[in-house]
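Participant: just coords:
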């Protein structure tokens, strides 16, 4: 292994330990800043452990299955309803201006650019982050993480790296799946009050879509996935206070990741506007 | 299961020090849990640590494996000062130390056999058949049979302790650290676990630190007993010596 990586990892771990010990001090401001510092170190350690062999491929695949495949049903149903409702509610307004033919294009752009990524991420913030937060917190309070550590197994690499990487990889895939299903929901919505063929609907929908809509939104979901995994793991990994801590970890994971999705979204929109201009 | 008495075990205790703790201090905020602890553990010896709840017994052994960082003191394990080791060296050292947690700390998402295989996952040079042989041997040595495919939640308290022991024994540790191994068990099962610990000492030639409140366990397993009080070592000696102590507080522990 590269000695520099090893050295960085060790100094981060040491710094983390020092910071975690001062976190118990009562000052609210001190706790806030030490919490931010701990999270920064946790993030740094993630990147160090990510590149350090050995790699946990089997566990990564298992987590991808749990986080990705097992979320397909929920993401699909939500996406279909979202596309349907959006279409049904938008149609009367467009009809007033005689612009009903714009409906497929408008729906596709709004789903691909914004609604698809944000809704998928919020679903994952609820389903995945609460599950990761509670699971890790439970492992912490039942000393399973300590047991791994004393067996000479690196729990950070086995538990954290695999889960964060899985959410980072799965969120863009789930978003694409959600976008596609939403478009079918929209097609269904269009056909409730009219008769639009599959070919015509999708031709109109794709006519207004470009790479500048698709690529930035997919890049955005990579960040959504990364932070959903990272925050949930952080909350679970450092949980305490027994069973109360498990509940708190699950709850705070959902609250913070949901908030984080909106914050990243605002930043992403600004950056996209800056570089692409629309 | 072969019953081994502590008298027989005394013959295998040597003067070689496997653990040396000097001036260990640990505080959590203003609560000084360990004030100045100095202990040695000889090779082949079972050292029982007694003390009231909250006296820092578990903190002591968690400091030894690096789960808790001490505030001061020198901890030497198998001739290595753990403060000078990097994370990789600590991991290598940890493989020579078995730790039985009070709760068992079994991986509850894995079956019994997966729990044992998990401990061997870093033994890349070993074939699957060799690993399976070790797993079966470890289960047999703790008296567990026909439970391979069960989940830890399906096991009784005694079986969970046995599985926890098997999981640590599979790595053939030189040192065993037991954190309240008989807590929460009925007297018969507690005795069986205590006898199993003696058997492990004899079969695997382990040196052990046993944290317990259970005097029956202490009387069965201890070669030497150490009593902690107010973060300091209050007394050391054999079970019989301490049983006759003139100190009221220590006497109350044994009677």
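Facilitator: It's in. All values derive from a computational prediction rather than experimental measurement.
Participant: So which bits of stretch B:65-81 are buried?
Facilitator: Neighbour counts over stretch B:65-81 (16 or more other C-beta atoms under 10 Å in any protein chain shown) mark B:65, B:66, B:67, B:68, B:70, B:73, B:75, B:76, B:77, B:78 as buried. For every residue, glycine as well, the C-beta is placed using N, CA and C.
Participant: Then stretch B:200-213?
Facilitator: Under the neighbour-count criterion of 16+ other C-beta under 10 Å, stretch B:200-213 has B:200, B:201, B:202, B:206, B:207, B:208, B:209, B:210, B:211, B:212 buried.
Participant: Any idea how far the biggest helix by length in chain B is from the middle of the chain?
Facilitator: As assigned by DSSP state H, the longest helix anywhere in chain B is helix B:187-204. Relative to the mean C-alpha coordinate of its chain, helix B:187-204 is positioned 12 Å out (C-alpha atoms, centre = their mean, to the nearest Å).
Participant: What of stretch B:201-212?
Facilitator: Distance, centroid of stretch B:201-212 to centroid of chain: 7 Å (C-alpha atoms, centre = their mean).
Participant: What of stretch B:195-214?
Facilitator: Centroid separation for stretch B:195-214 versus its chain: 7 Å, with C-alpha atoms, centre = their mean.
Participant: tell me the mean pLDDT over it?
Facilitator: In this model, stretch B:195-214 has an average pLDDT of 88.
Participant: Would that stretch count as contacting chain A?
Facilitator: No - judged by C-beta under 8 Å from any C-beta of the partner chain, stretch B:195-214 makes no contact with chain A; its nearest approach is 13.4 Å.
Participant: just stretch B:117-134 next, same as before
Facilitator: Yes - contact of stretch B:117-134 with chain A (C-beta under 8 Å from any C-beta) involves B:118, B:119, B:121, B:122.
Participant: Stretch B:13-21 now?
Facilitator: No - with C-beta under 8 Å from any C-beta as the measure, stretch B:13-21 is seen stopping short of chain A, the closest distance being 14.8 Å.
Participant: what does that stretch contact?
Facilitator: With contact meaning C-beta atoms under 8 Å, 6 or more residues apart in numbering or on different chains, stretch B:13-21 is reached by B:37-45, B:60, B:64, B:73-78, B:174-175, B:207, B:209, B:223.
Participant: residue in the stretch 151-255 of chain B nearest to chain A?
Facilitator: Relative to chain A, the nearest point of the stretch 151-255 of chain B is residue B:171 (7.0 Å; C-beta to the nearest C-beta).
Participant: meant to ask about the stretch 1-150 of chain B
Facilitator: Proximity of the stretch 1-150 of chain B to chain A (C-beta to the nearest C-beta) peaks at residue B:105, 3.8 Å away.
Participant: how about the helices in chain B?
Facilitator: B:6-9, B:57-64, B:87-94, B:112-119, B:128-141, B:157-169, B:187-204, B:215-221, B:239-243, B:248-254.
Participant: can you list these in CSV and add distance to residue A:91?
Facilitator: Output for the helices of chain B, formatted as CSV (distance: least, C-beta to C-beta, whole Å):
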stretch, distance to residue A:91
helix B:6-9, 85
helix B:57-64, 64
helix B:87-94, 61
helix B:112-119, 54
helix B:128-141, 61
helix B:157-169, 61
helix B:187-204, 70
helix B:215-221, 76
helix B:239-243, 86
helix B:248-254, 81
